[in-house]
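1. sharing a model prediction with you, sequence too.
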Amino acid sequence: MSSVVVADAGPLHYLILIDCVEILPGLFERVVIPIGVRNELQHTDTPLKMKDWMAVAKPWLQVEHVNQPQPIPGLNRGEAEALHLALQIKAAGVLMDDLDGRAEARKRGLAVIGTIGLLERAAEKGLFELPVALAKLRNTNFFVADELLVAVLARDRQRRQT
């Protein structure tokens, strides 16, 4: 992916919860979020840790308005806006975990990377130890198939041995 991506709330949410969100500027020059995603991350039901994180400006995080956003059946506002914004700014891809959102992104020709993929790429760049980050992620309500975690950890072990 190039240096500009659009993020949905999910990956940001979990990266903030596990204290790994600072990997993003190590992977991308700029992360852009639509207003709908910003609103999700600042909603009254959102954990305080996220609200506090959002309250401090980041030079690599930008909020942008979506021109003529249209609802996409099966997706929430943030997911739909993220896809529209990625197309609008011609982003290299979209950061998203939601399966329906990922499928819709691919239908629209967008590259997609989720939280696990972000963590794996960051570990490949030596930004942190992947097993520690995945253990923290397992302590949240993030859903991931055990088979995927086993495969990711096996690739990480192999990478570190070479």
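-> That came through, no problem.

2. just give me how far stretch 113-122 sits from the chain centre.
-> Offset of stretch 113-122 from its chain centre (C-alpha atoms, centre = their mean, to the nearest Å): 8 Å.

3. identify the neighbouring strands of the helix or strand harbouring V63 in the sheet and state each direction.
-> For V63, the enclosing helix or strand under DSSP states H and E is strand 61-64. Paired neighbours of strand 61-64 in the sheet (DSSP bridges): strand 30-34 (parallel).

4. show me what the strand it pairs with is in contact with.
-> 3-7, 9, 12, 24-25, 41, 60-66, 69, 78, 81-82, 84-85, 89, 91, 95 (C-beta atoms under 8 Å, 6 or more residues apart in numbering). Bear in mind the C-beta positions are built from the backbone N, C-alpha and C, glycine included.

5. just the residues you listed: which are in helices?
-> Mapping the contacts of strand 30-34 onto helices (DSSP state H) picks out A9, L12, L24, P25, L41, G78, E81, A82, H84, L85.

6. what's near enough to touch L83?
-> Residues counted as contacts of L83 (C-beta under 8 Å, 6+ apart) are V6, I72, L75, V94, G101, E104, A105, R108, L110.

7. was I right about the fifth one contacting E81?
-> Meaning G101. No. Judged on C-beta atoms under 8 Å, G101 makes no contact with E81 at a distance of 10.8 Å.

8. have a look at these two and say which one is more surrounded.
-> Between G101 and E81, counting by other C-beta atoms under 10 Å, E81 is the more crowded of the two (29 against 24).

9. and the more buried one, how far from G93?
-> If you measure E81 against G93 using C-beta to C-beta, to the nearest Å, the figure is 15 Å.
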